[in-house]
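In: Dropping the sequence and predicted coords here.
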Amino acid sequence: MPAYNFQLQFADKVKTRNKRQTIRAERKDGRVPEVGELFRGFTGMRSKKCRFLIESRISEVLPIAIKPEGIWLAGVPLTESEANSLALLDGFEDADAMCAWFSRTHGADFSGHLIRWL
């Protein structure tokens, strides 16, 4: 069962189920989460402040790319409106804030998976 660590800024949204998705970088071992798989969410993993947030079942896994030119979901470029909706669902103010966070955290060209749960 996978375990995902959420930054403190997202923890309450995950706990209250206002955030029902996460975007994760591709794993070095190539493993991709599977629809139907159980996962657990935490904040502060590997620290004394570790706190359990959620246990749920993965409902959707889609490849995602976030680049300076835009966001692609399952190989399809998102419109500005779609990108803003995706960012809101992921706990950001808008697509610009999400793209800036991913650029700071992961570099300009990010690729990974959008993981949604029930």
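Out: That came through fine.
In: Helix or strand next in line after the longest strand along the chain, which one?
Out: Ranked by residue count under DSSP state E, the longest strand found in the chain is strand 51-67. The first helix or strand that comes after strand 51-67 along the chain, using DSSP states H and E, is strand 70-73.
In: Give the buried residues for that following strand.
Out: Within strand 70-73, the residues that count as buried by 16 or more other CB atoms under 10 Å are 71-73. Glycine gets a C-beta too; all of them are placed from N, C-alpha and C.
In: just checking, next helix/strand downstream of it?
Out: For strand 70-73, the following helix or strand on the C-terminal side (DSSP H and E) is strand 76-77.
In: Would you mark the buried spots in the following helix or strand past that following strand?
Out: Note on strand 76-77: by DSSP H and E, the next helix or strand toward the C-terminus is helix 80-89. Within helix 80-89, the residues scored as buried using 16+ other CB under 10 Å are 83-84, 86-87.
In: Leu118: which of those residues is nearest?
Out: Within the set of the buried residues of helix 80-89, Leu86 lies nearest Leu118; the separation is 18.2 Å, counting by CB to CB.
In: Touching, the closest one and Leu73? I think so.
Out: Yes: Leu86 lies in contact with Leu73 (CB atoms under 8 Å); the separation is 7.1 Å.
In: Pull up the overlap in contacts between the two.
Out: Contact criterion CB atoms under 8 Å, 6 or more residues apart in numbering; residues shared by Leu86 and Leu73: Leu114.
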